[in-house]
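Undergrad: Fold the following and give me the result.
(chains A and B)
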Protein chains: 2
Amino acid sequence: MTVQSAWKKRVQLKKDQLNSKIKDEWRLSSSTISRLKDDKKNLVKNIDDLCPSSENQITHSTIVVLREKLDAGELTCHEIAFAFCHRAALIHQTVNCLSEIMFSEALKLADYLDNNKPAVVPPLYGIPISLKDQCNVEGVDTSLGYLSRTFKAKTKSEESLIVSLLRDLGAIIFVKTTVPSSMMATDTQSNTFGYTYNSINLGFSSGGSSGGEGSLIGAHGSLLGLGTDIGGSIRIPSSYHGLFGLKPTFGRVPYLRVDNSFEGRETIPSVIGPLARDLSDLRYFMSCIINICQPWVKDVKCIPYHFDSSTDKLHHDYVVAIWYGDGVIDPPPSDIRALKICEDVVAKTEGMKTVQWKPPSELSRELFDIANEADVADSGNEIKSEFKVSGEPLLDILKPMVLEDGRPPYTVNEWWNLTKRVYSAQQSMREYYLSFPESERPDVIISPTTLTPFRPGDMLKTTLRYILLFNVLNFPSLSIPVGKVNCQIDRPMSVSSALNPEDKMVKTYWNDLLESGDIEGFPIGLQIVSPTFDDSEVCKFASWLLGNI
Amino acid sequence: MTVQSAWKKRVQLKKDQLNSKIKDEWRLSSSTISRLKDDKKNLVKNIDDLCPSSENQITHSTIVVLREKLDAGELTCHEIAFAFCHRAALIHQTVNCLSEIMFSEALKLADYLDNNKPAVVPPLYGIPISLKDQCNVEGVDTSLGYLSRTFKAKTKSEESLIVSLLRDLGAIIFVKTTVPSSMMATDTQSNTFGYTYNSINLGFSSGGSSGGEGSLIGAHGSLLGLGTDIGGSIRIPSSYHGLFGLKPTFGRVPYLRVDNSFEGRETIPSVIGPLARDLSDLRYFMSCIINICQPWVKDVKCIPYHFDSSTDKLHHDYVVAIWYGDGVIDPPPSDIRALKICEDVVAKTEGMKTVQWKPPSELSRELFDIANEADVADSGNEIKSEFKVSGEPLLDILKPMVLEDGRPPYTVNEWWNLTKRVYSAQQSMREYYLSFPESERPDVIISPTTLTPFRPGDMLKTTLRYILLFNVLNFPSLSIPVGKVNCQIDRPMSVSSALNPEDKMVKTYWNDLLESGDIEGFPIGLQIVSPTFDDSEVCKFASWLLGNI
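TA: Okay, the predicted model is just below:
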């Protein structure tokens, strides 16, 4: 057998393993799949049509409502788990968003929970939760999109702390979701699991690296799932599916025993956090994980910290900064319109004011450069060696991560220099923040996110200029949906007045998406960011904002 | 001029600059210096004899008392500053503990403070504070013991944040103190400033790397100074001079713009903290720096955190763990005796209990190995290149830090692997802690520190086995004095039953120090450590302990 056929055979084995976990009665015919794929903007409705309305009522609900119905005896854990397993199976067959399926385990646990209901039920009792592939679950692979890591089921002692905590809270884990191999891309693709499409618009990428989560939750296949974010991996798929996605400050949600690329790279660390359809659900989840589980007891990287989800009431003299652009890449008209909507709401509210967030462009550039340098510090060694083990070919989306110019990996001294630059840039941003008069120091910043979606193959036509800096800064950021692109209102950008080649590329792509009409109705995603590391504040403000738009 | 004579000339220039800042009337004759040096164990008394009793009353006081006398108008800032400048000058001429002298600036500021006393005086108003050389002060070098960095006075904008905060609190900065070149040694020596002797016993090293601070404060030349600790550099000089020295958790006291070796090395970070004669002073200082200055506003690495210095009252069911040995190196009889004194005091107190701290020896070894690997990760590149710039010869004490076997610096991947091991070892220790029944989980641990002092040249005959692990673990640790070595009680150790060659070396050295009688009366230093990162708790417990021994 040639090397080529060996890796392909292993891919097939993994695909067969995955598919074998979908019940026959949940399988879609190839013609149905084609129909669903072709009707790009209507997957949610089309899946609704394939499910009984009793299931749709469940999958279109929220955690908070389902918990009430469970408590009232109006629903069983089994009914809830069944509805989500069924729907996830249908969505997956269309958009390819699952890497591991645990339907039978989930239904078994649901039955157990129904039959052994304690007097006081834990706060996520019977609630199905989806997990990005990185989370270790006993008996299941964590492949990170690497063929080399398939068929290496994790043991009980390898389970991620967050998984144990979810079990303690009564949650039901039912699927793990796809990632780009290595997670170091914003497009979700691997030789093993293929391409994950956007479930809001199948003509687009699901984003990444938590693309499987975004696509699954986007089509109501899960209410809440866990993603990770080292360069937008929670926020991008959230914004591409009209969801809420929180990149917390480092050390809020435990990362212990969650597999990752570049483990031990603590400068600009990856963080783990929730993606959810509903902001109240997200806040409820964060308060459970932090206030109830107290993860700092078991994970030394976690910080003792309370998460306030009790109110939407903002303090007096609230200051909201609006970031209309970094002077490097102009956000598209849809983002500007969404930012103005937010600004207007704040400006007209008694006791609140807006200020312009305009950190020096040099600082934005430096933050972006630092993040990019960090990502290729090892010249792609780790990624290359993983691909070499299995013999699978390197993906195009990973080529920017794998240097082919022979530059050796950074020495430890070069790495420490980069770490110094991180601290220095963080301090510069702090100084910018402190340069506001005290009464005008922002409580939160509203910022663009991804600027545009992208079609398969076009990952490099988008920019991470409004994404990466918040990783370097370790600012908590909540991705929120604010309206949708309207091709009648949001008009083409002037390419001739582009600020630089990258700006030109982004503007050209925007115009292209607009002309084709593909972007019509696509969710606009903004970020609510805290310059003072307050995760609960960004959620509280977002909740207030959405209640007032 | 040859290279050799060039560096020597530059050394002489720096020495001349330093000496020129000592008033003529404060200069000691060479015969007096010889007499003070020869009377090794009586420096404090001998210096007392050289100073007026009014000055001795000041220098033998505490911050808390001096503040009261200032408030009551019984003392002026000038009198206090004068007493400490004078005494520091005398001590320095004997033990060689100062790298920068700012007497005239200090006296000028003292006069200003006397003449411009505000209605509400800030909490360190008129209190002289000494600084380890690393702290940047406008107009003064920060040479870190490197000749290459002399005659490069720092500018206002380069001042360390901690220095600005001290100024805000009203403190008077009057000296900076010696360090071993690079700070990566526990003996304080440099080609530029020479050797810093122990002021409690001039036959011994002052320890390091905050050796100048230890020696100065040890002889009452300062009440409180700032040191740093990446591998014992606060705790060792503290224990060698019978002082209190706090290695805080990372992020408690701001390190912003404090110069350092290996800047950007955030794994096992250096931390900054106080050395003081008096524990109440140390706690007062910490509460000022943290609660009043709120350093997290300006330094993004600082953690919002309150320091409780209000009480010595311990909570109910207090658990104190005693660490009698790591199974690798046996502590000497003096340490065991001191540990037993502590254990007895706790055991006989209602509502308190003791447990044995016995983490696996394998874990102790791993923590020690990690710290040592981290210290030579760059193969000594940084140190070598600093010495090369000036042409000064490499010091023997730094030879363990500079690899000569041609091993290249770690790659970034090797560094990340080491960082992973740090996290893993931290988690293993957390698991050991959690393995105690909940009612027996220690609030604090009492541990040995340095085991023995050492004579100049004998640095490598001591061990850091009870030191380095707490840096890797990021546990706050307070060095405290508990009695003195008594050669009648503390007897020789059995070398024939040594556990391994290192243990044999330490035991042999102990026996040697005992036989010579040199160690008689030397302070015994223990550490109070918090396994749950609570800096104020270790100070509170130490305060209770010393009040009850």
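
Undergrad: Please name the nearest non-neighbouring residue to the residue of the stretch 51-200 of chain A found nearest chain B.
TA: Of all residues in the stretch 51-200 of chain A, A:L161 sits closest to chain B, at 9.7 Å by CB to the nearest CB. In short, each C-beta sits where N, CA and C put it, glycine included. Excluding the flanking residues, the one nearest A:L161 by CB to CB, 6 or more residues apart in numbering or on different chains is A:L256, at 4.0 Å.

Undergrad: Check the secondary structure at that neighbour for me.
TA: Secondary structure for A:L256, judged by DSSP: H, G, I helix; E, B strand; the rest coil, is coil.

Undergrad: How many residues are close by A:K353?
TA: Burial measure for A:K353: 15 neighbouring residues, criterion other CB atoms under 10 Å in any protein chain shown.

Undergrad: can you pull the contacts of A:G139?
TA: Going by CB atoms under 8 Å, 6 or more residues apart in numbering or on different chains, A:G139 touches A:E105, A:A153, A:K154.

Undergrad: Go through these and flag which are in strands.
TA: Using DSSP state E, no member of the contacts of A:G139 falls within strands.

Undergrad: Same list, the residues you listed, but only the ones touching chain B.
TA: On the criterion CB under 8 Å from any CB of the partner chain, none of the entries of the contacts of A:G139 sits beside chain B.

Undergrad: From the residues you listed, list just the buried residues.
TA: A:E105, A:K154 (16 or more other CB atoms under 10 Å in any protein chain shown).

Undergrad: Redo the contacts of A:G139 as TSV? Include pLDDT and distance to B:L43.
TA: As requested, the contacts of A:G139 are exported to TSV (pLDDT from 0 to 100; distance: CB to CB, whole Å):
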residue	pLDDT	distance to B:L43
A:E105	98	73
A:A153	98	67
A:K154	98	62
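
Undergrad: Can you name the element that comes right after the host helix or strand of A:E362?
TA: Using DSSP states H and E, A:E362 falls within helix A:361-375. As assigned by DSSP H and E, the chain's next helix or strand after helix A:361-375 is helix A:381-390.

Undergrad: Counting neighbours, which bits of that next one end up buried?
TA: A:N381, A:E382, A:I383, A:K384, A:E386, A:F387, A:S390.

Undergrad: The second one contacts B:N413, correct?
TA: In this case it means A:E382. Yes: A:E382 lies in contact with B:N413 (CB atoms under 8 Å); the separation is 6.8 Å.

Undergrad: At the contact with chain B, which residues of chain A appear?
TA: A:256, A:262-267, A:297-301, A:303, A:377-378, A:381-382, A:408-420, A:423, A:426-427, A:430, A:434, A:474.

Undergrad: Buried ones among those?
TA: A:256, A:262-267, A:298-301, A:303, A:377-378, A:381-382, A:409-416, A:418-419, A:423, A:426-427, A:430, A:474.

Undergrad: ok, which stretches of chain A are strands?
TA: Using DSSP E, strands in chain A cover A:98-101, A:128-132, A:172-177, A:189-190, A:194-195, A:224-229, A:244-247, A:271-276, A:318-322, A:352-356, A:444-448, A:477-484, A:523-529.

Undergrad: what's the third one packed up against?
TA: To tie it back to what came earlier, the one meant is strand A:172-177. helix A:77-95, strand A:98-101, helix A:103-115, strand A:128-132, helix A:161-168, helix A:211-218 (3 or more CB pairs under 8 Å, 6 or more residues apart in numbering or on different chains; DSSP states H and E).

Undergrad: Alright, that wraps it up for me.
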